[in-house]
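**Student:** could you look at this predicted model? Sequence included:
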Amino acid sequence: MSTRLPPFPDDVPIHPVLVIDYELIKAGNKDEIERLWTAGTTLGFWYLKNHGADEEVNGMFDVGTQTVALPLEEKMKFEQGDEGMSFGYKAAGTNVVDASGTRDITQFVNIATDDALAWPVQARRSYPSTVNACMVSTIIPFVEKSLAVNKTLIDVFDAKLGLPNGTLSKLHPRGEFSGSATRCTYSPPVLDRQAIGISAHTDFGSLSFLHNRLGGLQVLVPGTEEWQYVKPLPGHAICNLGDAMVIFSGGILRSNLHRVVNPPGAQASLGRYSLVYFTRPADSVVLRTLTDESPLIADAVAHASDPKMFEPGVTALEWLTRRVRNRRAVHQKGHGAWLDSGGTEHTMSGSYQ
Ligand SMILES: O=C(O)CCC(=O)C(=O)O
Ligand SMILES: [Fe+2]
């Protein structure tokens, strides 16, 4: 599927995003680490090349395609439900994309890392047959690669934030239940209007390892109200930081608003598949700023305009559940649930919409 896609047009504005070389990061290259730090503290997005997961990523796109092709009735047996459970199948039209209640067009399946690592034992829930059939050949290898990449990157932020070695890593322990998951997404082509595939959001957890073939992803350009495309580059992942890292770092790190709209130009006629691995803190981790662990973070909080923002007083599981639940269409009577579906962008950019 990857070689014959229509090209991303060259006449739409694209946002400049730093390219980080994973091999150089692993080798401890100081300049590359500095560039990763710049990316994490300015936009919170970067491309990652040489991540070594191409084969697993290609396999996962096939898992996504096969799962989407199942009859809806079959997929609905694994639906997430309306109470904020993030694992399982999410049917198109079950979320809203704005305060007036417009339904989404995007379906996805989220596979819990806890289930991949416990396989064949069921840790969190069951999945469609296409997921089960590829667990050993494709999903577990993809999860292992993603865990390794994200841990390496998180360790770099740990050191740059002045935290005692492994502080952030300990908040993401492999042996404890978490919201970490693999997501295969599909949005059908919409040719007659500008459609929102995934509404404006910051990611809920710590670090996302995203793989795109078609355009459609846009970031809100910091300090403006303008959305710009992030152009998919072959072999390059797109990484972005989530709310938990903003909170842990007292706002030093950025979790930027992004959304998915129609792919641009000739790409608009194709259905859009994408793939993300989300690293999230253990369910029981209380989201709080690591002030006591780092003078740098303590200083950032001391100068923050709204330091209370970084003490939501909830666990990672509660944060995730609230954000997932409150975008479900069923909860949108009045505008309350939509307004309570946001993340750290409320004070970080002041431009949540
Ligand atoms: O599909 C994409 O490009 C982005 C997906 C995304 O932002 C998400 O699933 O959180
Ligand atoms: Fe996202």
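**Tutor:** It's in. Ligands and ions are numbered 1, 2, ... in the order given.
**Student:** who's in contact with stretch 315-333?
**Tutor:** By CB atoms under 8 Å, 6 or more residues apart in numbering, the surrounding residues in contact with stretch 315-333 are 80, 82-86, 93-96, 101, 103, 178-179, 199, 201, 204-205, 243-244, 280-287, 312, 314, 337-338, 340-343. Heads up, the C-betas are built off the backbone N, CA and C, glycines and all.
**Student:** and for stretch 53-63?
**Tutor:** Everything outside stretch 53-63 that qualifies as a contact, by CB under 8 Å, 6+ apart, is 1-2, 130-131, 134, 137-139, 141-142, 145-146, 149, 182, 184, 211, 213, 235, 237, 273, 275.
**Student:** now the buried members of those.
**Tutor:** For these, a neighbour count by 16 or more other CB atoms under 10 Å gives the buried set as 130-131, 134, 138-139, 141-142, 145-146, 149, 182, 184, 211, 213, 237, 273, 275.
**Student:** keep only those residues that also lie close to ligand 1.
**Tutor:** Near ligand 1, taking CB under 6 Å from any ligand atom as the test, no member of these is found.
**Student:** in strands, which of those fall?
**Tutor:** Cross-referencing the buried ones among the contacts of stretch 53-63 against strands under DSSP state E gives 182, 184, 211, 237, 273, 275.
**Student:** now render the residues you listed as TSV, adding pLDDT.
**Tutor:** TSV is the format used below for those (pLDDT from 0 to 100):
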residue	pLDDT
182	98
184	98
211	98
237	98
273	98
275	98
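**Student:** tell me the residue of the stretch 101-250 of the chain that sits nearest ligand 1?
**Tutor:** With CB to the nearest ligand atom, the shortest gap between the stretch 101-250 of the chain and ligand 1 falls at residue 217, namely 3.6 Å.
**Student:** check contacts around that residue.
**Tutor:** Contacts of residue 217 by CB under 8 Å, 6+ apart are 210, 229, 230, 232, 238, 258, 259, 260, 274.
**Student:** what's the helix or strand where residue 300 lies in contact with?
**Tutor:** Assignment of secondary structure by DSSP states H and E places residue 300 within helix 295-302. Applying CB under 8 Å, 6+ apart, the set of residues contacting helix 295-302 from outside is 161-163, 248-252, 289-292, 307, 310.
**Student:** which of those has the largest number of neighbours?
**Tutor:** The member of these surrounded by the most neighbours (other CB atoms under 10 Å) is residue 248, with 30 neighbours in all.
**Student:** go ahead and confirm it touches residue 291.
**Tutor:** No. At 10.0 Å, residue 248 and residue 291 do not qualify as touching, with contact defined as CB atoms under 8 Å.
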